[in-house]
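Asker: below is the sequence, then the predicted model.
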Amino acid sequence: MLDKFKDECGVVAIYSHPEASTLAYLGLHALQHRGQESAGIVSSDGNRLHVHKAMGLVADIFTEDVLSRLPGTCAIGHTRYSTAGDSALLNAQPIMVDCNKGMIALAHNGNLVNAHLIRSKLEHAGSIFQTTSDTEVIVHLIAQSKEQTLVDAVADALRRIEGAFSLVMITRDRVFAARDPRGFRPLSMGRLPAVAGQRQETIVFASETVAFDLIGASYIRDVKPGEMVVVGPEGVSSRYYAPAVEQSSCIFEHVYFSRPDSVVFGRPVQVSREELGRQLAREAPAVADIVVPVPDSGVAAAMGYAAESGIPFQLGLIRNHYVGRTFIEPEQRVRDFGVRLKLNPVRSILQGQRVVLIDDSIVRGTTSRKIVRMMRDAGAREVHMRISCPPTISPCFYGVDTPSKKQLIAANKSVEEIRDYIGADSLSYLSLDGLKRACGEGENGLSYCSACYTGKYPTKLFDVEEIAPAPAESKF
Ligand code: SF4
């Protein structure tokens, strides 16, 4: 409905807690913003794995009755937005198999760029796939590995895949957590003190630290790029399964995807977002009366812009959070109906004002055009659009749903042409340098992927090379 990049997926894992599946459910609830199509939990009672997956939202899927059928002290969970494979229950995760290495279930955030290649090789050799998801190749690689132990087989499988993966895995008595060597997607590790009757403290993993806050866990550290952590009866062990390469964590996690109350890649997202706004105010000042965010994702950047510029912050657009997936349109055409379902302007704030409107991105431009028109209809005298990242000129192949280059307005129009299309009085984007600085590039070795702004991808694009646009310089 709103013209945004779509979030990817969220994963969570719990080791050693009497209510493991309930904690996994709560963790998934905190990660719901990362995927709203389907969700699943697999638990282990020490002897076998139990699974429940369904389409829909976490709170609707996991009733008390469902959770009572997920017994045991270990669990993993997944909430999905499909970025590879169809949106269907068969592709919901965790993916569970009973193979020569025992029962295993795996949940994955990210996209593999060589999954099609591996899959066609495996199918050629007789493997039968149950899903159309890229994640299933990991399970097949583990099952087919010639390594003797499960830990070695997982490491072997992870060395064969390329692209973005933050994943959690469960067996009868262990939980695994691993990140790809470039660390595209986040994955954090936390702990809860042992409860009565448990010999070990509870170890938890989650895509974002907001999941820890909800279950009362404390953050220990991030799973490092190229690291595999195994938690079992013998405690926590860690190994690096691949040689180190340059980190390329997704900068869009800080711009948009992650919740502002999360710490992602070791850095509070709220701090990055406010700094994006401050930097934007320094690079692209405007003569205006009020700063208004496009909620919710533009709020922190607008706070930063207002603080830096001295122009008052106002909530001139209100978001309706209760919009379902389907809605009945009136037969009589209502202007900007789709956007109005989610956003409505506050006339008493906007009337006669010169407005700096802050958003985190312009994808196709259609939503921005409607919002600008809504602001003017509500009485805004001038609308100066400011975007807290550079123009998005290339699609993502690492687990974010982006339109093709043809549909990305900034890949096809100059900033002035976009300004004209959306009907703003002025339009400016944050520079790439400003973006990286605001998100702390260089601090503690942090370095980012910014391929959707530059067209320069940090990996080979095995599966997509023929269809991918040729890497291009931004024309701005
Ligand atoms: Fe993130 Fe963009 Fe890189 Fe994708 S291409 S991983 S959205 S920075």
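Answerer: Perfect, I can see it now. Numbering: from 1, shown residues only.

Asker: which residues of this structure lie near the ligand?
Answerer: Neighbours of the ligand within the chain, by C-beta under 6 Å from any ligand atom: 184, 250, 251, 252, 396, 398, 400, 449, 450, 451, 452. C-beta: built from backbone N, CA, C; applies to glycine.

Asker: and the spatially closest residue to residue 113 that is not a sequence neighbour, backbone torsions?
Answerer: With sequence-adjacent residues excluded and distances taken as C-beta to C-beta, 6 or more residues apart in numbering, residue 113 is closest to residue 163, at 3.9 Å. Main-chain dihedrals, residue 163, degrees, to the nearest 10: phi 120, psi -150.

Asker: again with residue 309
Answerer: phi -90, psi -20.

Asker: surely it meets residue 289?
Answerer: No: contact criterion C-beta atoms under 8 Å: residue 309 and residue 289 do not qualify, at 11.3 Å.

Asker: these two: which is more packed in?
Answerer: residue 309 (22 against 16; other C-beta atoms under 10 Å).

Asker: and the nearest residue to the more buried one once chain neighbours are set aside, what does it touch?
Answerer: What sits nearest to residue 309 in space, not counting adjacent residues and going by C-beta to C-beta, 6+ apart, is residue 281, at 4.3 Å. Residues counted as contacts of residue 281 (C-beta atoms under 8 Å, 6 or more residues apart in numbering) are 304, 305, 308, 309.

Asker: nearest to the ligand among those residues?
Answerer: Closest approach between these and the ligand, by C-beta to the nearest ligand atom: residue 304, at 20.3 Å.

Asker: surely the closest one is within a helix?
Answerer: Yes: counting by DSSP: H, G, I helix; E, B strand; the rest coil, residue 304 is located in a helix.

Asker: residue contacts, it?
Answerer: 273, 274, 275, 276, 277, 278, 279, 280, 281.

Asker: doesn't the last one belong to a helix?
Answerer: Yes: assigned with three-state DSSP, residue 281 falls within a helix.

Asker: against residue 354, how distant is it?
Answerer: 15 Å (C-beta to C-beta, to the nearest Å).

Asker: same check on the third one?
Answerer: Counting by C-beta to C-beta, the separation of residue 275 from residue 354 is 25 Å.

Asker: looking at those two, which one has more neighbours?
Answerer: Taking other C-beta under 10 Å, residue 275 and residue 354 do not tie; residue 275 has more neighbours (22 against 16).

Asker: could you pull out the strands for the stretch 101-250 of the chain?
Answerer: 102-109, 166-170, 175-179, 188-192, 202-206, 218-222, 227-232, 235-240, 249-250 (DSSP state E, counting those that start in this stretch).

Asker: single out the most deeply packed of these.
Answerer: strand 166-170 (a mean of 30; mean count of other C-beta atoms under 10 Å).

Asker: ok, residues contacting that strand?
Answerer: So strand 166-170 is in contact with 11-13, 42-44, 49, 74-76, 94, 104-110, 135, 138, 154, 175-180, 184-187, 205, 207, 223, going by C-beta under 8 Å, 6+ apart.

Asker: okay, now the sheet partners of it, with direction.
Answerer: Counting by DSSP bridges, the strands paired with strand 166-170 are strand 102-109 (antiparallel), strand 175-179 (antiparallel).

Asker: now distance to residue 64 and mean pLDDT too, for the ones you listed, in a markdown table please.
Answerer: Output for the strands paired with strand 166-170, formatted as a markdown table (distance: least, C-beta to C-beta, whole Å; pLDDT from 0 to 100):
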| stretch | distance to residue 64 | mean pLDDT |
| --- | --- | --- |
| strand 102-109 | 22 | 95 |
| strand 175-179 | 24 | 98 |
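
Asker: tell me which of those sits nearest to residue 444.
Answerer: Set against residue 444 and scored by C-beta to C-beta, the strands paired with strand 166-170 come closest in strand 175-179, at 15.8 Å.

Asker: between that closest one and strand 235-240, how big is the angle?
Answerer: Orientation check (axes from the mean of the first three to the mean of the last three C-alpha atoms, to 10 degrees): strand 175-179 against strand 235-240 gives 30 degrees.
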